[in-house]
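S.K.: Structure for the following, please:
(one chain, ligands or ions: 1)
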Amino acid sequence: MKLSVSNFDFTRTWINVPCPACKLDSRIQLRDVVYKRAAICRGCKSNLKLKDTYDSTKLGLRKITKQINNIFR
Ligand SMILES: [Zn+2]
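M.R.: Coordinates of the predicted model:
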């Protein structure tokens, strides 16, 4: 199997997001942030705001992908 850059999918990384209402950590995938999906707190069922982190996450992912592309060049 040939290794390709497309195998690196950082959007499948899980992160912990603290609920602003009940402070309970919910595990969400980075892809939920990137694609602006709504995350529901597993404790109080309120919506977790992923919008705030969207731009920085997307920017970070792009940076990482670019660096990996450079490695294989
Ligand atoms: Zn909550």
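
S.K.: Spell out which residues of the chain are next to the ion.
M.R.: Neighbours of the ion within the chain, by Cβ under 5 Å from the ion: Cys19, Ala21, Cys22, Cys41, Gly43, Cys44. For every residue, glycine as well, the C-beta is placed using N, CA and C.

S.K.: residues contacting the residue nearest the centre of the chain?
M.R.: In the chain, the centroid-proximal residue (Cα atoms, centre = their mean) is Leu30; its distance is 1.4 Å. Neighbouring residues of Leu30 by Cβ atoms under 8 Å, 6 or more residues apart in numbering: Phe10, Thr11, Arg12, Thr13, Trp14, Ile15, Thr57, Leu61.

S.K.: From Gly43, how far out is it?
M.R.: 21 Å (Cβ to Cβ, to the nearest Å).

S.K.: Count residues in the vicinity of the closest residue in space to Gly43 that isn't next to it in sequence, would you?
M.R.: If the residues on either side of it in the chain are set aside, Gly43 comes closest to Leu24, at 3.8 Å by Cβ to Cβ, 6 or more residues apart in numbering. Neighbourhood size, Leu24 [other Cβ atoms under 10 Å]: 13.

S.K.: Quick check: which helices or strands does the longest helix anywhere in the chain pack against?
M.R.: Counting by DSSP state H, the longest helix found in the chain is helix 51-71. For helix 51-71, the packing partners by 3 or more Cβ pairs under 8 Å, 6 or more residues apart in numbering; DSSP states H and E come out as helix 30-34.

S.K.: Okay, buried residues for the helix it packs on please.
M.R.: Going by neighbour count (16 or more other Cβ atoms under 10 Å), the buried part of helix 30-34 is Leu30, Asp32, Val33, Val34.

S.K.: Using CSV, write down the CA coordinates of it.
M.R.: Taking Å, rounded to 0.1, in the frame of the first residue of the first chain, the C-alpha atoms of helix 30-34 are listed here in CSV:
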residue,chain,number,x,y,z
LEU,A,30,-12.6,18.1,14.8
ARG,A,31,-14.6,17.5,11.7
ASP,A,32,-17.7,18.7,13.7
VAL,A,33,-15.9,21.9,14.3
VAL,A,34,-14.6,22.3,10.7
